[in-house]
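[1] build me a model from this:
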Amino acid sequence: MQELGIEGQPMDNKNEILIAVRDARRILGDCADFRVAEVLAILEGIAPFLDKEVVIGLKCKGCDNYASSSFPLSKEFCVVENSAHCHAKDVSLKNLTAIKLAGCPQYSCAAQEELVNLGRAIMEEDLRPAFNERKLYDRSKFASYSVAFRMLSNPGNVCIEFGHKTDEGFACSDIKLCVVRRLDPGFGAEASKKISEAMSTCPILVVKASLHTRRQLDIDYVLEWIAKKRKMDIVYL
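    Numbers count the residues shown, from 1 in each chain. Predicted coordinates for the structure are as follows:
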């Protein structure tokens, strides 16, 4: 059933905010304070560009409450629904209107900034010194290289990738360390269940690497030392 907007007009993601702003201007008429009228005029000008996906891109994707995937039920790991999700409201973003998303006052990126700082500290203070003399074997090149690192930030976690530098940029190996602040089924149902069972502290260190590669680099004791130093639980996937 299609949701109806102002004055019974069909409300779609593209026109939802525009219809609401125009209706507010109509109701206020000439009685509006000039500052309110000016703000509404500005909003009407940008409203056509603020469809739901734009609002999510501007607000939600940088918010600590956002995740790109969600559990359909609380602590349910059998089925994973891939969708944008708000942890503060505990609801999929597809079930929220553009106006509710645009007017949400709960935006914060402080926790993600803390996570990025922690990931950067692990990479610069722990990993680089520990792997300064080690070599990473690239089977496709039949050669060994000095270990390099690259960090990627995602809502609720940061990922440190092991690899080596090339003329094209960065060649990633199969070793990834994820500093995880909350559960995210982006890891998959089986891995999420394993992470959940081990998560007594937050954040935790999730190691995604084959046992062969871990043995080749002899890295487990380094990772255990990092987890102990940072007071984090560690999970091997």
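[2] okay, now the domains of the protein?
    Domain assignment for the chain by automatic domain parsing gives 1-50, 55-107, 110-236.
[3] okay, now the unreliable bits of this protein?
    Under the criterion of pLDDT under 70, the regions of the chain flagged as low confidence span 1-14, 32, 70-82, 140-141, 184-186, 188.
[4] quick check, central residue of it?
    Residue closest to the mean C-alpha point of the chain, counted by C-alpha atoms, centre = their mean, is Pro155 at 1.5 Å.
[5] list the contacts for the closest residue to that one other than its chain neighbours?
    Once flanking residues are discounted, Pro155 sits nearest to Tyr66: 4.8 Å by C-beta to C-beta, 6 or more residues apart in numbering. C-beta: built from backbone N, CA, C; applies to glycine. Residues counted as contacts of Tyr66 (C-beta atoms under 8 Å, 6 or more residues apart in numbering) are 60, 84-87, 93, 155-156.
[6] mind checking how far the strand with the most length in the chain is from the chain centre?
    When every strand of the chain is counted residue by residue (DSSP state E), the longest turns out to be strand 169-180. Counting by C-alpha atoms, centre = their mean, to the nearest Å, strand 169-180 is centred 16 Å from the centre of its parent chain.
[7] packing partners of that strand?
    helix 110-121, strand 135-138, strand 148-154, strand 157-166, strand 204-208, helix 211-217 (3 or more C-beta pairs under 8 Å, 6 or more residues apart in numbering; DSSP states H and E).
[8] between the ones you listed, which one is closest to Asp174.
    With distances scored as C-beta to C-beta, the stretch of the helices and strands packed on strand 169-180 nearest to Asp174 is helix 211-217 (5.8 Å).
[9] in that closest one, what counts as buried?
    The neighbour-count check on helix 211-217 (16 or more other C-beta atoms under 10 Å) flags 214, 217 as buried.
[10] one more: stretch 161-178?
    In stretch 161-178, residues buried by neighbour count (16+ other C-beta under 10 Å) are 161-164, 171, 173, 175-178.
[11] so what's Ala20 closest to, chain neighbours aside?
    Counting by C-beta to C-beta, 6+ apart, the nearest residue to Ala20 once its immediate chain neighbours are dropped is Ile99, at 5.9 Å.
[12] would that neighbour count as being in a helix?
    Yes: residue state for Ile99 (DSSP: H, G, I helix; E, B strand; the rest coil) corresponds to a helix.
[13] rewinding a little: reformat the buried residues of stretch 161-178 as a markdown table; add distance to Val235.
    Below are those laid out as a markdown table (distance: C-beta to C-beta, whole Å):
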| residue | distance to Val235 |
| --- | --- |
| Glu161 | 17 |
| Phe162 | 17 |
| Gly163 | 22 |
| His164 | 26 |
| Ala171 | 26 |
| Ser173 | 19 |
| Ile175 | 14 |
| Lys176 | 12 |
| Leu177 | 11 |
| Cys178 | 9 |
